[in-house]
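Chemist: Sequence first, then the predicted structure, then my questions.
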Amino acid sequence: MYTHIQSPRLYEQIVDQIETRVLNGDLRPGDQLPAERELAEQFGVSRTAVREAIKTLREKGLVDVLAGRGTFITEHTSQAIRHSIGRILRLSQGEGSGDLVAVRELLEPEIASLAATRAGEDHLQAMHNAVEAMDAAMESPEQFIEADLDFHLALAEGTGNALIPFLIDPIVGLMREQRTRIFNVPGGPARGQMHHKRILEAVTRGDPEAARQAMRDHLKQVREDSAASKAGS
């Protein structure tokens, strides 16, 4: 539940608590928030403070206020986060691809390692299907990239930790932009596919260290291809 709020700027603290519950998975897309009066009681604040907090959350794209129905966590929460991350990356470094790879290098090797110990048959099948789809789309950038993103999302879901796909989803959205730029680097798709297969093989046989290293190698290739795409532009 929520904790009572201390002044000043009560509404900001309400916003912080609700955002935290969204990020840790306590509140999921489509969940309805309590009515304004009930929220005021739970937070120990006035309804005016709650009203201001809801307004701020709505401006951030985290909630939808539906007349006659109530306030709901938006179905597009990850999209709002994705846009925020994208703005940060683009402001910090041109198109932000270097920063994006750096974030992936921190997260995805451990995701691959964890998936190797936890992924179930449905996750392995989803990854296998994505690899097959990429094999069939080597000459079709859009189809290849969508299957590529499906592979990375299935890997995240294979960790068995519901928060990880939520965190990786905004990054996957930015990967689409990055992969579009580097698809035409000579030999890039074939190299990427080789790495995908190595990751899948390691996860399938339950080898966390091999999965971690295969993902590191894959991201090294992504970094190199990203640099090559900029040099050629």
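Modeler: Nice, thanks for sending it over. Numbers count the residues shown, from 1 in each chain.
Chemist: Run through who's touching stretch 175-194.
Modeler: With C-beta atoms under 8 Å, 6 or more residues apart in numbering as the contact definition, stretch 175-194 has outside contacts at 86, 95, 97, 100-101, 104, 131, 134-135, 138, 141, 144-145, 148-149, 152, 218, 221-222, 225-226, 228-229, 232. In this view, the C-beta of every residue, glycine as well, is placed from N, C-alpha and C.
Chemist: Ramachandran angles for Ile73?
Modeler: Backbone dihedrals for Ile73, given as degrees, to the nearest 10, come out at phi -60, psi 130.
Chemist: Wasn't Ala214 part of a strand?
Modeler: No: according to DSSP: H, G, I helix; E, B strand; the rest coil, Ala214 belongs to no strand; its state is helix.
Chemist: so what's it up against?
Modeler: Ala112, His195, Arg198, Ile199, Glu201, Ala202.
Chemist: Buried ones among those residues?
Modeler: By neighbour count, with 16 or more other C-beta atoms under 10 Å, the contacts of Ala214 hold Ala112, His195, Arg198, Ile199, Ala202 as buried.
Chemist: Am I right that the last one sits in a helix?
Modeler: Spelled out, that is Ala202. Yes: the assignment for Ala202 by three-state DSSP puts it in a helix.
Chemist: What separation do you get for it and Ile14?
Modeler: 45 Å (C-beta to C-beta, to the nearest Å).
Chemist: Equivalent analysis for the fourth one, please.
Modeler: Spatial separation of Ile199 from Ile14 under the definition C-beta to C-beta is 42 Å.
Chemist: related to what we said a few turns ago, let's have the contacts of Ala214 in CSV, adding pLDDT.
Modeler: What follows is the contacts of Ala214, written out as CSV (pLDDT from 0 to 100):
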residue, pLDDT
Ala112, 98
His195, 97
Arg198, 98
Ile199, 99
Glu201, 99
Ala202, 99
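Chemist: Turn these into TSV, columns for distance to Leu163.
Modeler: Supplementary listing: the contacts of Ala214 in TSV, determined by distance: C-beta to C-beta, whole Å:
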residue	distance to Leu163
Ala112	17
His195	25
Arg198	26
Ile199	21
Glu201	27
Ala202	23
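Chemist: of the residues you listed, closest to Lys55?
Modeler: Closest to Lys55 out of the contacts of Ala214 is Ala112 (41.1 Å), distances taken as C-beta to C-beta.
Chemist: Secondary structure element holding that closest one?
Modeler: With elements delineated by DSSP states H and E, Ala112 resides in helix 97-118, which encompasses its position.
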